[in-house]
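# Build the 3D model from these lines:
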Amino acid sequence: MIIAAGQTIPKDSINENLEEHYKLIELAADNNAQLIIFPELSLTGYQREEAEKYSFKLNDPRLNRLKEFAKKRKIVIIVGAPLQVDNKLYICSFIISPETSVEIYTKQFLHSGEELFFEPNSNYNPQIKIKEEIFSLAICSDIANPVHPNNASKVNCTTYLASIFYTPNGINDGYEMLREYAKIYSMNILMVNYGGKSYQFESAGKSAFWTNKGELKSHFIGTGCGLLIAKKENNHWISTIIESK
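The predicted model follows:
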């Protein structure tokens, strides 16, 4: 089992963000990854006031090339964008399978201020199963509510996937929360953050992977673009960082 986190530097252009995603997906697939996850709202950058303008729909054509990558490279791709459904706006992760089916996960617990633009929603909460691994998703402030990882553990999650946007001021608290969840719930945790500024806020980067014992296996030293690869061999995990040029 090989999984990857794509730490990206968001641009003001969805097309430019997509190009960066394609590059990291190819790099992950070249390293035999079966799944790659990107940060919160990775396709648009972190947007609030203009989220509706940049929002995606279900079956949005801008996902088509990602579907092609998923099918061709046999990799599950998880990307973030604002999602509009029935005139409501959600913070969403699109889960694109090698069969080109698309599922959605929606953020359940909003950060203060997000409620002015987005709705929380717990109805879209699929799990991903690849061989013996069962993955549950979280988006940013979901991880600040202990109910969320507890619920993941109740449905036998083995690896908790967290797409976040944490600033330098918040990242240490995020690390401590995720380390504790890994130990308490015996879940591996893969966390991916932006590698550069978005929404006029600096990002801390530092995407990371913890084993189900709470051991930090590897992490980005800070910001920048690249991959964190986590590989399971004989029930033991090893992890490396590949910086993107």
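# Give me the distance between the residue positioned nearest the centre of the chain and Gly80.
By C-alpha atoms, centre = their mean, the chain has its centre lying nearest to Ser163, at 3.2 Å. Going from Ser163 to Gly80 by C-beta to C-beta, to the nearest Å gives 6 Å. C-beta here means a position set from N, CA and C on the backbone, and glycine is covered the same way.
# next one: Leu190
Note on Leu190: its distance to Gly80, by C-beta to C-beta, is 15 Å.
# between the two, which one's more packed in?
Between Leu190 and Gly80, Gly80 has the larger neighbour count (other C-beta atoms under 10 Å), namely 28 against 25.
# I'd say the more buried one and Leu41 touch.
Yes. Under the criterion of C-beta atoms under 8 Å, Gly80 makes contact with Leu41 at 4.5 Å.
# Touching both of these two, which residues are there?
Ile91 (C-beta atoms under 8 Å, 6 or more residues apart in numbering).
# who does whichever helix in the chain runs longest touch, helix- and strand-wise?
Ranked by residue count under DSSP state H, the longest helix found in the chain is helix 14-30. Of the remaining helices and strands, those touching helix 14-30 by 3 or more C-beta pairs under 8 Å, 6 or more residues apart in numbering; DSSP states H and E are strand 2-7, strand 35-37, helix 64-73, strand 76-85, strand 226-233.
# Any chance you could list what contacts that helix?
Applying C-beta under 8 Å, 6+ apart, the contact partners of helix 14-30 are 4, 6, 8-11, 36, 38, 42-45, 54, 62, 65-66, 69, 73-75, 77, 79, 225-227, 229, 242, 244.
# picking that back up, now the helices and strands packed on helix 14-30 as TSV including distance to Asn169?
Formatted as TSV, the helices and strands packed on helix 14-30 follow (distance: least, C-beta to C-beta, whole Å):
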stretch	distance to Asn169
strand 2-7	19
strand 35-37	24
helix 64-73	32
strand 76-85	21
strand 226-233	22
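# Lys183 is nearest to which of the ones you listed?
The closest of these to Lys183 is strand 226-233. By C-beta to C-beta, the value is 17.3 Å.
# Give the pairing partners of that closest one; include direction for each.
When pairing is defined by DSSP bridges, strand 226-233 lines up against strand 2-7 (antiparallel), strand 236-243 (antiparallel).
# Name the residues linked to Glu243 by a beta bridge.
Beta-bridge partners of Glu243, as defined by DSSP bridges: Gly226.
# Adjust the sequence numbering to begin at 54 for everything that follows.
All set: I'll call the first residue 54, so the last point we hit is now Glu296.
# you'd agree it is up against Gly279?
Yes. Counting by C-beta under 8 Å, Gly279 is a contact partner of Glu296 at 4.1 Å.
# coming back round to it: where does the residue nearest to the centre of the chain land on pLDDT?
If you check Ser216, the pLDDT there is 98.
# Distance check, it against Ala134.
11 Å.
# In CSV, list the C-alpha atoms belonging to stretch 192-202.
Extracted in CSV, the C-alpha atoms of stretch 192-202 (Å, rounded to 0.1, in the frame of the first residue of the first chain):
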residue,chain,number,x,y,z
ILE,A,192,-11.4,18.8,6.1
CYS,A,193,-9.5,21.3,8.3
SER,A,194,-11.6,22.3,11.3
ASP,A,195,-13.2,18.9,11.3
ILE,A,196,-10.1,17.7,13.1
ALA,A,197,-10.6,20.3,15.9
ASN,A,198,-13.8,18.5,17.0
PRO,A,199,-13.0,15.2,18.7
VAL,A,200,-16.4,13.8,17.6
HIS,A,201,-15.1,13.6,14.0
PRO,A,202,-12.1,11.2,14.5
